[in-house]
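> build the 3D model from these lines:
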Amino acid sequence: GALIDVDLGSAIERCSGDVALLSQVVTETIQKSLKEQIPKLRQAIKSGDVQEVHFHAHSMKGASATVGFLSLSAAAKDLDDVAKASSLEGADGLTDALEVELKRAFDYFNKHTEAVDAALARCGGDMELFYSIAKEMVASVLPDQLAALEEGAAAGDAAEVSAAAGQLLDAADTIGAFFLAEMLQVMIEKANAGSCDGVVEERLEEVRVEVIKLGAFWSGVNGEDDDSD
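As a prediction, this is how the structure comes out:
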């Protein structure tokens, strides 16, 4: 299926660079949607209450966009658009799709948190050190390694693609960038199998986008903020 679309860079900016606040807001938003709003949506659809469906779908659309979960917001918008047209045709299926996106968002953020916590632990729990390393890596190391990866792909050199993707994977692990790491692992498998075809090019575009998103996220993180535990 399509990759989940998440932009934590815009979300961290709204949280004034406070990583702990972002984590709290994202967790509360997703949990409220799963535990409260999805059951209320299903009940409203069952009773044919178009206004109630519109209220909850519109609320979830805005809240999920605020915390950077764009594919989740899009799924809520699909349901909201139906309700705004004073119809509930297909609403059950759209709610199913919305619930799937919520669970994907929950899984994504858990993995993100675990990966960042593990990367922080490798810095001895020194948050200031970890933040400075991450900021430096997204500003210079990741773009340089991405350029090497692009050169290998342009030359059709599977060995170079594998080597460059491996270096980028090490950097991703260093800063807890699990989503980038997952993309690179797929690319490395393809390259190691001797493939440097359209699959690698497709993944390369996804990697480019993710490197940009990581740059936006870490440049928005407040390096002085060490209140998180």
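> please, where are all the helices along this protein?
Ranges of helices in the chain, per DSSP state H, are 8-14, 19-32, 38-47, 50-66, 70-84, 91-122, 127-136, 142-154, 158-174, 178-192, 198-220.
> out of these, nearest to Ala2?
Nearest to Ala2, of all those, is helix 70-84, at 7.4 Å by Cβ to Cβ. In this view, the C-beta of every residue, glycine as well, is placed from N, C-alpha and C.
> lowest-pLDDT helix or strand in the chain?
When each helix and strand of the chain is scored by mean pLDDT, DSSP states H and E, helix 198-220 comes last, with a mean of 90.
> list the buried residues in stretch 88-108.
Residues 88, 91, 94-95, 97-99, 101-102, 104-106, 108 are the ones in stretch 88-108 that count as buried (16 or more other Cβ atoms under 10 Å).
> export these as JSON lines, with columns for pLDDT and distance to Val25.
Converted to JSON lines, those look like this (pLDDT from 0 to 100; distance: Cβ to Cβ, whole Å):
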{"residue": "Leu88", "pLDDT": "94", "distance to Val25": "30"}
{"residue": "Ala91", "pLDDT": "97", "distance to Val25": "28"}
{"residue": "Leu94", "pLDDT": "97", "distance to Val25": "25"}
{"residue": "Thr95", "pLDDT": "97", "distance to Val25": "24"}
{"residue": "Ala97", "pLDDT": "97", "distance to Val25": "24"}
{"residue": "Leu98", "pLDDT": "97", "distance to Val25": "19"}
{"residue": "Glu99", "pLDDT": "97", "distance to Val25": "21"}
{"residue": "Glu101", "pLDDT": "96", "distance to Val25": "18"}
{"residue": "Leu102", "pLDDT": "96", "distance to Val25": "15"}
{"residue": "Arg104", "pLDDT": "96", "distance to Val25": "18"}
{"residue": "Ala105", "pLDDT": "97", "distance to Val25": "13"}
{"residue": "Phe106", "pLDDT": "96", "distance to Val25": "14"}
{"residue": "Tyr108", "pLDDT": "97", "distance to Val25": "15"}
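> show me which of the residues you listed is closest to Phe179.
Nearest to Phe179 out of the buried residues of stretch 88-108 is Tyr108 (Cβ to Cβ; 7.2 Å).
> OK, contacts around Arg42?
For Arg42, the contacting residues are 92, 95, by Cβ atoms under 8 Å, 6 or more residues apart in numbering.
> gap between it and Ser219?
Separation of Arg42 from Ser219 (Cβ to Cβ, to the nearest Å) stands at 40 Å.
> please apply the same query to Gly90.
For Gly90, the distance to Ser219 - Cβ to Cβ - is 41 Å.
> got it, and Ile133?
From Ile133 to Ser219 the distance is 14 Å (Cβ to Cβ).
> which one's more surrounded, the two?
Ile133 (18 against 15; other Cβ atoms under 10 Å).
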